[in-house]
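J.: Quick check, what structure comes out for this input:
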Amino acid sequence: MERKLLIAVTVIVIATLAAAVISTWGSRSEGSSKPIVVVTISPLYLIAKEVLGDKAEIYVLAPAGVDPHHYSPTPEDVARVRSCDLFICVGREEFLGQLPEQRGRREISWSDWVREPHIRIKNDNPHYLWLYPPNAGIVAHEIARVMSEVDSANKDYYVDNARRFEQRLEDLEQRLSTVRASIAGKRALLIADHFEPFVEWIGLSITYVVIRGEGALPGPQDIIIAIEKARDSDLIIVSATQREGDEGRIGRQVSEQAEAPIAYLYGVPMRAEDDYFDFIEHNVEALIERLGGSR
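T.: Below is the predicted model of the structure:
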């Protein structure tokens, strides 16, 4: 009897300790009273970081260099998401179903983004949130608005940071005016629709999109059309993180048949030290470099 009682008490103690450990995963750093913000993917994280500065603890689930399609939450991620003050997501991430239904005290998701009156999103494509830079400014202001409610004492700080970020976007637009002039009239074929917003923003004409939506694969007739369209294109665009997947395979097939060059672009940042503007400008440079070598 005493042995059974001892076992029962031990089990309770272990369970209590485990619960305490899990709860601390999502808690603030020792001695910190800053709000905790969790962001799902690295492009949104880069924008949020510009707005939040040093007034919040910010964490990203799928950091730079990690393809969100291959990410799976850890127990620590789940605990942090559950207990954070603000959870920021695109709202279309495949791994959202692996996270708690109650995600933080406040959440910004797809319905919030599309509600913005000046947001530009075509074909329900979520990549427009961060790969169409004018939208990044809207994202920054929405984060600042919600954080001003979560942490009202620092409202002016968040709003001012969002304005500064928007000014940097305007500066970027000015710097790229000569780039746009140099590629006027150029045409690109997209193997998938990830980069439709980026290509539209930079000013290239899109001749054809082979794959629309996640998980969709083209049939033989689609490949035939793609090859014909690629012959009338200056460039084929493929996601660099999908280079060894179906998208990369199809891109190489179309490129070989049409004798058109491929530009590999990144849909998410690959270097932890980059900010949002580094990320966008790396893609611009990769695009221009390949266009310079096109037929």
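J.: burial measure for residue 254, as a count.
T.: Look at residue 254: counted by other C-beta atoms under 10 Å, it has 28 neighbours. The way it works is simple: take the backbone N, C-alpha and C, and place the C-beta from them, glycine included.
J.: in whichever strand or helix holds it, what counts as buried?
T.: Assessed by DSSP states H and E, residue 254 sits inside helix 246-258. For helix 246-258, burial by neighbour count (16 or more other C-beta atoms under 10 Å) applies to 247, 248, 250, 251, 254, 255, 258.
J.: Tell me how many other residues surround the closest residue to the fourth one other than its chain neighbours.
T.: The reference is to residue 251. Leaving aside its chain neighbours, residue 251 sits nearest to residue 238 (3.9 Å; criterion: C-beta to C-beta, 6 or more residues apart in numbering). A count of neighbours around residue 238, defined by other C-beta under 10 Å, yields 27.
J.: and residue 238, that's in a strand?
T.: Yes: assessed with DSSP: H, G, I helix; E, B strand; the rest coil, residue 238 lies in a strand.
J.: Okay, and the beta partners of it?
T.: Assessed by DSSP bridges, residue 238 has beta-bridge partners residue 264.
J.: how far away is it from residue 40?
T.: 24 Å (C-beta to C-beta, to the nearest Å).
J.: Run the angle between the strand or helix carrying residue 226 and helix 246-258 for me.
T.: Using DSSP H and E, residue 226 sits within helix 220-231. Relative orientation of helix 220-231 and helix 246-258, computed by axes from the mean of the first three to the mean of the last three C-alpha atoms, to 10 degrees: 60 degrees.
J.: Name the residues of helix 220-231 that come out as buried.
T.: Under the neighbour-count criterion of 16+ other C-beta under 10 Å, helix 220-231 has 226, 227, 228, 229, 230 buried.
J.: Pretty sure the residue nearest to residue 251 sits against residue 267.
T.: No: Residue 238 is beyond contact range of residue 267, at 10.8 Å (criterion: C-beta atoms under 8 Å).
J.: Provide the secondary structure category for the residue nearest to residue 235 when sequence neighbours are not counted.
T.: The shortest distance from residue 235 to any non-neighbouring residue, by C-beta to C-beta, 6+ apart, is to residue 188 (4.7 Å). Here residue 188 is strand, with the state taken from three-state DSSP.
J.: For beta bridges, what are the partners of residue 188?
T.: Going by DSSP bridges, residue 188 forms beta bridges with residue 206, residue 235.
J.: which stretches of the stretch 1-150 of the chain form helices?
T.: 2-25, 42-52, 75-83, 110-115, 128-131, 133-150 (DSSP state H, counting those that start in this stretch).
J.: With just CA atoms, put the second one into CSV.
T.: It refers to helix 42-52. Taking Å, rounded to 0.1, in the frame of the first residue of the first chain, the C-alpha atoms of helix 42-52 are listed here in CSV:
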residue,chain,number,x,y,z
SER,A,42,11.1,34.7,-41.6
PRO,A,43,9.9,37.3,-44.1
LEU,A,44,7.1,38.4,-41.7
TYR,A,45,9.7,38.2,-38.9
LEU,A,46,11.9,40.7,-40.7
ILE,A,47,9.1,43.2,-41.0
ALA,A,48,7.9,42.7,-37.4
LYS,A,49,11.4,43.2,-36.1
GLU,A,50,11.6,46.6,-37.8
VAL,A,51,8.4,47.6,-36.0
LEU,A,52,9.0,46.1,-32.6
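J.: What is that helix packed up against?
T.: strand 36-41, strand 57-62, helix 128-131, helix 133-150, helix 155-175, helix 276-292 (3 or more C-beta pairs under 8 Å, 6 or more residues apart in numbering; DSSP states H and E).
J.: Determine which stretch of the ones you listed is the most buried.
T.: strand 36-41 (a mean of 26; mean count of other C-beta atoms under 10 Å).
J.: quick one: low-confidence ranges for the chain?
T.: For the chain, the stretches with pLDDT under 70 are 1-32, 215, 293-295.
J.: what sits against the spatially most central residue of the chain?
T.: The chain has residue 43 as the residue nearest its centroid, 3.9 Å off, counting by C-alpha atoms, centre = their mean. Residues in contact with residue 43 (C-beta atoms under 8 Å, 6 or more residues apart in numbering) are 129, 130, 131, 267, 268, 269, 276, 279.
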